[in-house]
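Asker: Sequence unavailable; structure follows:
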């Protein structure tokens, strides 16, 4: 009986997920990424939120995994990218050099039509070079290397920049990292905890390595002033986290930009 209940709940969520993607009813929340040198806003990362009328808020870690399992993740990613690019155009009226950062799955990235879709969005919304950044996780590096490089290269021709997210927590291959045409590296927040205890070896090594590969570094998950200070001393480029600003909906983020 318990398995049957769980199966029925899963089937319901799957059907509602399909409706959510078709209706584009997920919410786009935004968390700012700041330049560490002067605390100015550099970009915002898109964080999807799903508030279901009867189930309440469904965590991204749950519904994104289901979307991947039932082959809906590419449709979801495209929906988020399309709406986020439209919002970026409006937000750049308040902050002219603002950039947009969006996570994409391996399945989406390896889709043969994805580069064309990105080009269409960039042209439609007149997004300048470097203003759209796509985040990929280390697990993407486990994909076919030649195909992955071809996909990233085709998308980069539209002026898109690429980030490697959660570095050091997944499929860490320094040789493949060196081969990938990437622009930014994100230090996972789990490594920042050691900075509060005056242990900076891992963060220092990651930052130096990234800079040697001509990549800029974003430290995510910043939660204390001590972490900020140590990251500045280690020449980290950008920071993101609850210590600076929590994720906001469009109205809140617009107000945030108007105040700075």
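Answerer: Here it is on my side, so go on. A quick note: this is a predicted structure, and the numbers were derived from the prediction, not measured. Numbers count the residues shown, from 1 in each chain.

Asker: ranges for the strands of the stretch 1-150 of the chain?
Answerer: Using DSSP state E, counting those that start in this stretch, the strands of the stretch 1-150 of the chain run over 27-35, 41-52, 56-58, 99-103, 132-137.

Asker: Tell me where the stretch 151-260 of the chain has strands.
Answerer: Under DSSP E, counting those that start in this stretch, the stretch 151-260 of the chain gives strands at 161-167, 184-187, 216-220, 238-240.

Asker: As JSON lines, those strands with distance to residue 231 and mean neighbour count would be great.
Answerer: (C-beta placed from N, C-alpha, C; glycine too.) Listed next are these as JSON lines, based on distance: least, Cβ to Cβ, whole Å; neighbours: other Cβ atoms under 10 Å:
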{"stretch": "strand 161-167", "distance to residue 231": "14", "mean neighbour count": "22"}
{"stretch": "strand 184-187", "distance to residue 231": "9", "mean neighbour count": "24"}
{"stretch": "strand 216-220", "distance to residue 231": "5", "mean neighbour count": "24"}
{"stretch": "strand 238-240", "distance to residue 231": "6", "mean neighbour count": "23"}
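
Asker: Any chance of those in a markdown table with mean pLDDT and distance to residue 41 as columns?
Answerer: Shown next, in a markdown table, are those (pLDDT from 0 to 100; distance: least, Cβ to Cβ, whole Å):
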| stretch | mean pLDDT | distance to residue 41 |
| --- | --- | --- |
| strand 161-167 | 88 | 17 |
| strand 184-187 | 94 | 16 |
| strand 216-220 | 96 | 13 |
| strand 238-240 | 98 | 10 |
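
Asker: Minimum distance to residue 148: which of those strands has it?
Answerer: Proximity to residue 148, assessed across those by Cβ to Cβ, is greatest for strand 161-167 (10.6 Å).

Asker: Note down every partner strand of that closest one and its orientation.
Answerer: Strand pairing for strand 161-167, using DSSP bridges, gives strand 132-137 (parallel), strand 184-187 (parallel).

Asker: JSON lines for those, including distance to residue 210?
Answerer: Formatted as JSON lines, the strands paired with strand 161-167 follow (distance: least, Cβ to Cβ, whole Å):
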{"stretch": "strand 132-137", "distance to residue 210": "15"}
{"stretch": "strand 184-187", "distance to residue 210": "4"}
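
Asker: Between these, which one is closest to residue 122.
Answerer: strand 132-137 (6.6 Å).

Asker: How far off centre is that closest one?
Answerer: 5 Å (Cα atoms, centre = their mean, to the nearest Å).

Asker: and the angle for that strand with strand 99-103?
Answerer: 30 degrees (axes from the mean of the first three to the mean of the last three Cα atoms, to 10 degrees).

Asker: unless I'm mixing things up, residue 73 is touching residue 67, no?
Answerer: Yes. At 4.4 Å, residue 73 and residue 67 qualify as touching, with contact defined as Cβ atoms under 8 Å.

Asker: neighbour count winner among the two?
Answerer: residue 67 (23 against 20; other Cβ atoms under 10 Å).

Asker: sorry, back to before: can I get the strands of the stretch 151-260 of the chain in TSV including distance to residue 2?
Answerer: Putting those into TSV (distance: least, Cβ to Cβ, whole Å) gives the following:
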stretch	distance to residue 2
strand 161-167	34
strand 184-187	39
strand 216-220	38
strand 238-240	40
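
Asker: what's the closest of the strands of the stretch 1-150 of the chain to residue 259?
Answerer: strand 41-52 (10.8 Å).

Asker: ok, and what's touching the closest one?
Answerer: 16, 20, 25-35, 57-58, 60, 63-64, 76, 80, 84, 91, 95, 98-103, 133, 135, 238, 240, 247, 253, 257, 260 (Cβ atoms under 8 Å, 6 or more residues apart in numbering).

Asker: What remains of those if I keep only buried residues?
Answerer: Neighbour counting over the contacts of strand 41-52 (16 or more other Cβ atoms under 10 Å) leaves 16, 20, 26, 28-34, 58, 60, 63-64, 76, 80, 84, 91, 95, 98-103, 133, 135, 238, 240, 247, 253, 257 as the buried ones.
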